[in-house]
Structures are given as structure tokens and as C-alpha cells.
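Trainee: Give me coordinates for this.
(one chain, ligands or ions: 1)
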Amino acid sequence: MSTDDVKKMQVVVLISGSGSNLQALIDGAASGELPISIAAVISNRPDVFGLTRASQAGIPTLVLDHKSFASREAFDAELMRQIDAYNPGLVVLAGFMRILTPEFTQHYLGRMLNIHPSLLPKFQGLNTHQRALDAGEKHHGVTVHFVTAELDGGPAAIQAAVPVLPTDDASLLAKRVQRQEHVIYPLAVKWFAEGKLRMVDSKAELNGELLPASGYRIEANEP
Ligand code: GRF
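Mentor: Sure, this is the predicted structure:
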């Protein structure tokens, strides 16, 4: 930790895959836009590209393979131990594909964010882009929310909506949504690190004002 890091919020990022959202946070921290220091990146899967991104940025990495644990509880307990060693002010789930135990979500309540590729509360769970297409949605998008015991159910901090185009397939739509992910996740993390975004009484607040159920909402009209 450098002397510069002392006043920055320490953040631990959990990943399971390519880490493009992690990259957006790395870039934001490097440019000085985000007042954070990424203390560690932890993946439950070995050999994912997100780990390479972290190493290239000089961030300590750890692989905690869930398959080598006897139970979900045992994995989460060890994950908590590893995260807490960094004493982070914020835990960021960036494509971390695990269902979390209530003990885990309770431990980080109000200081853990997740990004989910849908306009929550629509399309909780997996395959959100295809499901939005199948449902004939005119808009789709992405939500950053506080993590609670309810899967993809915690209070929303920010949401970006994109149009669904007649020519879309799930992959085109996913790309349009991901561009917004890389905008709103750094923004939510910045707000949190600056003390502007908080979870109070199971609700999200920005600058002391209650946010709507969608969180702060951005309409991104670019195709
Ligand atoms: C993103 O689409 C995010 O919304 C979802 O998992 C994906 C992670 O992508 N939760 P990446 O690993 O950040 O590239």
C-alpha cells in the first residue's frame, strides 16, 4: 500500500470470468477518477482472463476454487476470511457467478455491490438478454444494486436502459448492455467511495435522498 492509498477506499473485487467490469474499475482507479484502491481480486475459477487483467495492473490475486470445498458454507466462510484480511470498505461483485449464503450477505450488508444485466426487478437470474428478447421488451439494460440475501433483489443504486432493436440477437443486445455496465459500475463505486451512495433501512440513498426502486436511472439511447 502506498501513502497515496491511505485516503482511498480499499476495495476487493470478486470475479468468475473475463473481468471487463473489473477493467473499467482498474482504469477508473488508475486515472484518478475513482477514489479507490483495488486491494485484491479474488476469483472462484482458475485461469479466467480477469485474473490476467488484475496481474497486469499489479493487483494481488487469489483463486479460491469453490470445487475444492465440501459445502457452500465452507467456501463462503473461507472467502470471507480472505476478503476481511484486506479490511475493505467495499466488496464489488463483478461477474461473480455464485449464489451467496445468508451469512455472507449479512456480513457485507450495505458494503457490497453487484451488477446484474437486466432492468431489475425484471429478469432476475440467468440468460437475461435472451429472456428480454423472448418477452418482446422494448427496453433492456443493467442494474447495480446492494447485495442482500435475496438473489438479485437488493436495493438498486443505478440502472441504465438501452433500446432493444428489431435486428438484435442475445449477443448484440449483451454488447449494448455491457457498454453501459462499464459506465454505471464505476459511477456507483465512485458514489459509494465518496460517501454519497448508502444503504439505509434496506433502501438505497444518494446524497441523503431516497432513490426510486430502479435506482438512479440513465436512458442510453445510442444503439
Ligand atoms: C456482466 O454481464 C455482468 O452484468 C454479469 O456478469 C458479466 C460479467 O462480465 N453479472 P465481465 O466478467 O465483467 O466481463
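Trainee: With adjacent residues omitted, what lies nearest to His140?
Mentor: Ala132 (4.2 Å; C-beta to C-beta, 6 or more residues apart in numbering). C-beta coordinates here come from the backbone N, C-alpha and C atoms, glycine included.
Trainee: quick one: the one you found and Phe123 touch, right?
Mentor: Yes: under the criterion of C-beta atoms under 8 Å, Ala132 makes contact with Phe123 at 6.1 Å.
Trainee: So Ala70: helix, strand or coil?
Mentor: coil (DSSP: H, G, I helix; E, B strand; the rest coil).
Trainee: number of nearby residues for it?
Mentor: 7 (other C-beta atoms under 10 Å).
Trainee: Tell me, what's the model's pLDDT at it?
Mentor: On pLDDT, Ala70 comes in at 98.
Trainee: can you give me phi and psi for it?
Mentor: phi -70, psi -30 (degrees, to the nearest 10).
Trainee: What of His139?
Mentor: Dihedral angles for His139 - degrees, to the nearest 10 - are phi -130, psi 150.
Trainee: burial of the residue in the chain positioned nearest to the ligand, as a residue count?
Mentor: Closest residue of the chain to the ligand, C-beta to the nearest ligand atom: Gly95 (2.5 Å). Counted with other C-beta under 10 Å, the neighbours of Gly95 add up to 21.
Trainee: Spatially nearest residue to it, not counting backbone neighbours?
Mentor: In this structure, Gly95 finds its nearest non-sequential neighbour in Gly17, 4.9 Å apart by C-beta to C-beta, 6+ apart.
Trainee: wait, what's in contact with that neighbour?
Mentor: By C-beta atoms under 8 Å, 6 or more residues apart in numbering, the contact set of Gly17 is 45, 48-50, 95, 97.
Trainee: neighbour-wise, which of these leads?
Mentor: The most crowded member of those, judged by other C-beta under 10 Å, is Gly50 (26 neighbours).
Trainee: List the contacts of that residue.
Mentor: Contacts of Gly50 (C-beta under 8 Å, 6+ apart): 15-19, 22, 41, 43, 94-95.
Trainee: again with Glu181
Mentor: 20-21, 24, 115, 117, 142, 160.
Trainee: Cross-check these against the ligand and keep the overlap.
Mentor: Filtering these for neighbours of the ligand using C-beta under 6 Å from any ligand atom leaves 20-21, 115, 117, 142.
Trainee: need these in TSV with pLDDT, can you?
Mentor: TSV is the format used below for the ones next to the ligand among the contacts of Glu181 (pLDDT from 0 to 100):
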residue	pLDDT
Ser20	98
Asn21	98
Ile115	98
Pro117	98
Val142	98
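Trainee: Among the residues you listed, name the ones in strands.
Mentor: Per DSSP state E, strands hold the following members of the ones next to the ligand among the contacts of Glu181: 115, 142.
Trainee: In JSON lines, list the ones next to the ligand among the contacts of Glu181 along with neighbour count.
Mentor: Output for the ones next to the ligand among the contacts of Glu181, formatted as JSON lines (neighbours: other C-beta atoms under 10 Å):
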{"residue": "Ser20", "neighbour count": "18"}
{"residue": "Asn21", "neighbour count": "26"}
{"residue": "Ile115", "neighbour count": "21"}
{"residue": "Pro117", "neighbour count": "23"}
{"residue": "Val142", "neighbour count": "29"}
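Trainee: Okay then, goodbye and thanks.
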